[in-house]
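Engineer: no letters, just coordinates:
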């Protein structure tokens with residue numbers, strides 16, 4: 001927790017009418033941010049209902065998963081391209097040709113894998129946010145359903161068998177990620 005001397009009384013523990021704690025993204029910072037920056041002390045959300053939700057909005061979710069997918073895919077694809085370029089190098093070729101081969105291979109593979117994982121992240125975030133809006137609760141079922149839907153939708157063009165297999169893989173991966181998150185929350189101490 002932040003040092004209580006840095007903040008005015010009650011700024012870290014604002015509650016609504018029902019007694020639930022309001023979301024404050026700055027509460028765990030151990031720096032005197034109010035003295036460093038001229039930040040407003042009013043809630044960050046326009047409506048009270050938004051402050052009650054302890055999760056990202058659908059737009060933040062969409063941006064996060066798409067960005068993480070693209071960035072992770074671009075890095076992994078560049079590593080694959082580097083490996084392929086190193087395998088394809090011929091003995092005795094000039095350094096300029098070798099560097100050109102590496103850059104072309106890294107750029108091509110990084111772009112392809114990054115776009116693929118970015119689209120998967122986009123579909124996952126859209127399906128998960130739709131499930132949260134439809135069910136009006138945020139739990140592991142939404143994550144597993146989003147994984148199932150994303151896998152099936154991503155491989156639907158390859159036929160129904162491929163879509164079913166990819167949906168099952170996506171559901172299992174999303175379920176494993178949700179379970180790992182819960183285990184981490186329960187057994188890993190807060191850093």
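Structural biologist: Perfect, I can see it now. For clarity, every value in this text was computed on a predicted model and none was experimentally measured.
Engineer: how far does stretch 126-139 sit from its chain's centre?
Structural biologist: Taking C-alpha atoms, centre = their mean, to the nearest Å, one finds stretch 126-139 lying 16 Å from the centre of the chain it belongs to.
Engineer: buried ones in that stretch?
Structural biologist: 126, 127, 128, 129, 131, 132, 138 (16 or more other C-beta atoms under 10 Å). C-beta: built from backbone N, CA, C; applies to glycine.
Engineer: farthest pair within those residues?
Structural biologist: By the measure C-beta to C-beta, 126 and 138 form the most distant pair in the buried residues of stretch 126-139, at 15.2 Å.
Engineer: circling back to that earlier point, closest to residue 153 among the buried residues of stretch 126-139?
Structural biologist: Closest approach between the buried residues of stretch 126-139 and residue 153, by C-beta to C-beta: residue 127, at 7.9 Å.
Engineer: which secondary structure element is home to the closest one?
Structural biologist: Secondary structure from DSSP states H and E places residue 127 in helix 95-135.
Engineer: what does residue 146 give?
Structural biologist: Assigned by DSSP H and E, residue 146 belongs to helix 140-154.
Engineer: same question, residue 91
Structural biologist: Following DSSP H and E, there is no helix or strand that holds residue 91.
Engineer: the helix holding residue 146: what's the following helix or strand?
Structural biologist: Remark: after helix 140-154, the chain's next helix or strand is helix 160-187, criterion DSSP H and E.
Engineer: burial count for residue 47?
Structural biologist: Counted with other C-beta atoms under 10 Å, residues neighbouring residue 47 total 8.
Engineer: oh, I was asking about residue 114
Structural biologist: For residue 114, the neighbour count with other C-beta under 10 Å is 20.
Engineer: state the helix or strand in which the closest residue to it other than its chain neighbours lies.
Structural biologist: Leaving aside its chain neighbours, residue 114 sits nearest to residue 74 (3.4 Å; criterion: C-beta to C-beta, 6 or more residues apart in numbering). Element membership for residue 74 (DSSP H and E) is helix 58-88.
Engineer: quick one, domains of this protein?
Structural biologist: Listed by the TED database, the domain ranges of the chain are 58-122, 139-179.
Engineer: deepest of the ones you listed, which one?
Structural biologist: Most buried of the domains of the chain by mean neighbour count (mean count of other C-beta atoms under 10 Å) is domain 139-179; its value is a mean of 17.
Engineer: average pLDDT across that one?
Structural biologist: Here domain 139-179 scores 94 as its mean pLDDT.
Engineer: what do you get for stretch 47-58?
Structural biologist: The pLDDT scores in stretch 47-58 average 72.
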